[in-house]
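Asker: Give me a 3D structure for the following:
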Amino acid sequence: MSTRITDTAKPSTPTLTGYGPIETCPHGLTPPHTKFDHSGPIQYRGALLQAVDGVELGAYDRRILDWLAGWDTSTVAVVVSLLHRARAAGAAELEAKLNDTYYDMDVIRDDRDRLQAALNNLQGAGQ
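Answerer: Model (predicted):
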């Protein structure tokens, strides 16, 4: 299975609002990233953990999150934003696959109904 990286995907499922591509060096931890904040490693770690909420973490995963939390605001803000956007892209891809599946199921049901009607006509004509 190939994975495409795109910055044009717009998920239609609800996501944490405000996380989009970052075009300039962020000054704040959370969108819109324009307000200087005085966050530190504790807040950074919380933001990173929120971004991976529901993901099973191992000891080394936690160690790396702690390490990332020691970086500056702009670095942590970008990583947090990327994690949120990756999750949103995955949700959008899953939604698209589900919609395709529902469409395929509708086509199959329509085909089944047409075949059943044709069979009924044949049976009725043979009597």
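
Asker: does the one residue sitting closest to the centre of the chain count as helix, strand or coil?
Answerer: Against the mean C-alpha coordinate of the chain, by C-alpha atoms, centre = their mean, the closest residue is residue 88 at 2.2 Å. Residue 88 falls in the helix class when you classify it by DSSP: H, G, I helix; E, B strand; the rest coil.

Asker: List the residues that contact residue 33.
Answerer: 22, 26, 27, 77, 81 (C-beta atoms under 8 Å, 6 or more residues apart in numbering). Where C-beta positions appear, they are placed from N, C-alpha and C, glycine not excepted.

Asker: what's the closest of those residues to residue 39?
Answerer: Here the nearest of these to residue 39, counting by C-beta to C-beta, is residue 77; it sits at 9.2 Å.

Asker: burial of the residue nearest to the closest one when sequence neighbours are not counted, as a residue count?
Answerer: Distance criterion C-beta to C-beta, 6 or more residues apart in numbering; nearest residue to residue 77, sequence neighbours excluded, is residue 26 at 4.0 Å. Using other C-beta atoms under 10 Å, residue 26 has 22 neighbouring residues.

Asker: Contacts only, for residue 26.
Answerer: Counting by C-beta under 8 Å, 6+ apart, residue 26 touches 33, 34, 73, 74, 77, 78, 81.

Asker: ok, now with 6 Å
Answerer: 33, 74, 77 (C-beta atoms under 6 Å, 6 or more residues apart in numbering).

Asker: was I right about the last one contacting residue 29?
Answerer: This points to residue 77. Yes. Proximity of residue 77 to residue 29 meets the contact threshold set by C-beta atoms under 6 Å, at 5.2 Å.

Asker: Between those two, point out the one with more neighbours.
Answerer: residue 77 (25 against 20).

Asker: Helix, strand, or coil at the more buried one?
Answerer: helix.

Asker: show me the contacts for it.
Answerer: Taking C-beta under 6 Å, 6+ apart, one finds 26, 29, 33 in contact with residue 77.

Asker: give me the number of residues near the nearest residue to residue 52 once chain neighbours are set aside?
Answerer: Leaving aside its sequence neighbours, residue 52 sits nearest to residue 83 (C-beta to C-beta, 6+ apart; 6.2 Å). Using other C-beta under 10 Å, residue 83 has 18 neighbouring residues.
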